Each structure stands twice: as structure tokens, then as C-alpha cells.
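Enquirer: Dropping a prediction and its sequence here:
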Amino acid sequence: MPLMQLLGIYFLPESPRWLIAHGERTKARDILTQYHAGGDENSPLVDFELEEIEMALTAEGDLSKTSWIDLVRTPGNRKRTFIAFVVGWFAQWNGVGLISYYLFLILNSIGIKQAKDQTLINALLNVSNWVASVFVGALMVDRLGRRTLFLVSTGAMLFFYVIWTSLSATFVRTNDSSTGKAVVAFVFLTYFSYAIAWVPLLQAYIVEIFPYTLRGRGLSFLYLCSFSALVLANQVNPIAIQNLGWKYYVVFCCILGCLLGVIYFVFPETKGHTLEEIQEVFEGSHTLTSMGKVATTEDAQREDTHMETKRGGSVDHVEGPQIEDRSNRTR
């Protein structure tokens, strides 16, 4: 798999923002023309996006001028940093760590103790994780949206975790093998639900919400939170499972409930927005308009359609964001 990924990276286009930041404006224009304008070199959308990227890079300033304190300097950056903390920390503390690292303890608690059975279940769980992240999460992220996918994933985890907890409690009381098998089914459903959003969006969402100059530091902070949470979880989880049994699952039911509320009220939707427009979600529309940006991506696309009509051609609809609607949605 890593070899296939390495070969695939060769065919990925370079980031237009990186190219512009390093003086390669022509190459950046070629990429935007190919992927955003269907090869039309005269598309106003390309000119608009180039100008938008250049203004954003100018507004953000030189990369060397940023510091770690900038992560909490403004209200917008504090919100970004809080989201990075939530995603990083609760990627490990949403209950999935019990499945990933201590599945054998879970299976032992419901009477599945043979190594052959545990190995088979573990293998099938990893296959389901891959299927969920690639064929559900990654393919649906641009259709449902990032925030929606997080809500669906976390809400489904909460639902299945509650049932899993109830069945585990029932098994302890009845020692019924069919109840134990039902627990395994809901472990699969919980793991599948986790992989829908928390695998494909763990880094991708954070990269989208941070501005160019803080993107590296924001991602580093995400990793710091995630690995710190992982270290703590690996110290606490095995002791808690062995001493509390199924009662420990209730802790994660509560965490998932709180996490679902945080995602609903705090996480903005980034679907269909350019990285520059996402900045306005956090900092306000004055961020770029104060520098002369008065149009939206939709305006450029509408002008593009108008010019195609005047030339007697046709143009496919390209779905673009509306900053006004987005602002209302994220208040």
C-alpha cells in the first residue's frame, strides 16, 4: 500500500498556492486552468482565483514572521486551534482506541477467547476500516461536506456505542453467547462509523481551516494533541477495562455525546469554499475585502458563463460557494 501511494503521489499536481508563494505564477495558472476551468485559458474564474490567492498570501505576510503565539493571537485563530485540539485529542478519546489496541480484552469479556477467532475478527475490522475510509468517507466528503460527515460519523458512533454497552452489560448478567456475538457486530459498526470521517478528515480538515502561514504549525499542534492523548489512553484504558469492565464504556458514551455537540456548534462547513474564502469564515469578510476583493467565486463563474454565452458556446455549471450564505451558517 505505501508503494502504491508513493507511485500515486507522482501524478498529483503541485499546489497553486505553493507555486505562487515561490514565484511560479505561470505554472499555478496552468494548473488552475486545467482543473478549475476545463482548459479554458481565457476563463475569468482563473484570473479571479489567482488574484484571490495572491491577496491572501500578501495579507498573511511572510512565513518567517509567524510564531507559535499566533495560534491564539486572534479570535479566528483561537477557534482554529480549539478545533485542532478537539480533532487531535478526541481522535484517540472517542472510544475507538479500545477497539484498536485492546480488542482482545473486549473479546475476552464476552467469552471469545480463542486466538484464532480474535485474529480473524481483528483482520476483518481492519478491512472494514479501510472500506469505510476509502469507499465511504473519501468518496462522500465532497458530497455531504466535512462538518456533516463528522456529525454522521460521531452520531453513529454514539448510537452504536450505547447499544454495545447495553449488550455487554446484558452478557455479564446472562452469559448468553448470542449476546456476545451481537456485541461483536456493534463493535464492527462502531469502528466502521469512526472510519467514515475520523480517518480521512483527521489531517485534511485541519489543513483546510488554517491559513497558509500557520498551516504547518496547526498540523503540528494537531499531532501533539493526538499523540499526547494516545499516550494517556494507553496508560488508562487497559487498567480501566480490567477493573470496570463494561461500565468503562459509559465514559465514552458521555464523551461522544459532548463531542457531537461541539462539532455541531463549533465546526464550520468548508465544502465548496476556496482556502481563501474559508479564512473569511473565521476572520470575517473584512479580511480580503479590505484589500480590494469585492467579488465572490460565484461572481467569477457567472461572468465566465456570460462570456461563453456571448461566444455562442456552452459551459457546464460549476458549483461555487456563496460567502453570504456561509457566513450565516457559521454564526
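Expert: Nice, I can see it.
Enquirer: where does the residue nearest to the spatial centre of the chain land in three-state SS?
Expert: Geometric centre of the chain, nearest residue: residue 201, 2.4 Å, by CA atoms, centre = their mean. When classified by DSSP: H, G, I helix; E, B strand; the rest coil, residue 201 comes out as coil.
Enquirer: list the contacts for residue 250?
Expert: Listed by CB atoms under 8 Å, 6 or more residues apart in numbering, the contact set of residue 250 reads residue 165. All C-beta spots, glycine's among them, are computed from the backbone N, C-alpha and C.
Enquirer: That one sits in which helix or strand?
Expert: helix 247-266 (DSSP states H and E).
Enquirer: shaky segments in this structure?
Expert: Applying pLDDT under 70 to the chain picks out residues 1, 59-64, 285-331.
Enquirer: if we can go back for a sec, phi, psi of the residue nearest to the centre of the chain?
Expert: phi -100, psi 0 (degrees, to the nearest 10).
Enquirer: And it, how close does it get to residue 172?
Expert: 35 Å (CB to CB, to the nearest Å).
Enquirer: what domains does the record give for the chain?
Expert: As recorded under automatic domain parsing, the domains making up the chain are 13-66+286-329, 85-266.
Enquirer: before we move on, back to that, show me what counts as buried in the helix holding residue 250.
Expert: 248-249, 252-253, 255-256, 259-260, 263 (16 or more other CB atoms under 10 Å).
Enquirer: Now it - C-alpha only, PDB.
Expert: C-alpha atoms of helix 247-266 as PDB (Å, rounded to 0.1, in the frame of the first residue of the first chain):
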ATOM      1  CA  LYS A 247     -19.000   0.200  32.900                       C
ATOM      2  CA  TYR A 248     -16.000   1.900  31.400                       C
ATOM      3  CA  TYR A 249     -17.800   2.100  28.000                       C
ATOM      4  CA  VAL A 250     -20.300   4.600  29.600                       C
ATOM      5  CA  VAL A 251     -17.400   7.100  29.800                       C
ATOM      6  CA  PHE A 252     -17.100   7.000  26.100                       C
ATOM      7  CA  CYS A 253     -20.800   7.300  25.500                       C
ATOM      8  CA  CYS A 254     -20.700  10.500  27.500                       C
ATOM      9  CA  ILE A 255     -17.600  11.800  25.600                       C
ATOM     10  CA  LEU A 256     -19.200  11.100  22.300                       C
ATOM     11  CA  GLY A 257     -22.400  12.900  23.300                       C
ATOM     12  CA  CYS A 258     -20.400  16.000  24.300                       C
ATOM     13  CA  LEU A 259     -18.200  15.700  21.200                       C
ATOM     14  CA  LEU A 260     -21.300  15.600  18.900                       C
ATOM     15  CA  GLY A 261     -22.400  18.900  20.500                       C
ATOM     16  CA  VAL A 262     -19.000  20.600  20.000                       C
ATOM     17  CA  ILE A 263     -19.000  19.500  16.300                       C
ATOM     18  CA  TYR A 264     -22.500  20.800  15.800                       C
ATOM     19  CA  PHE A 265     -21.900  24.200  17.400                       C
ATOM     20  CA  VAL A 266     -18.200  24.900  16.600                       C
END
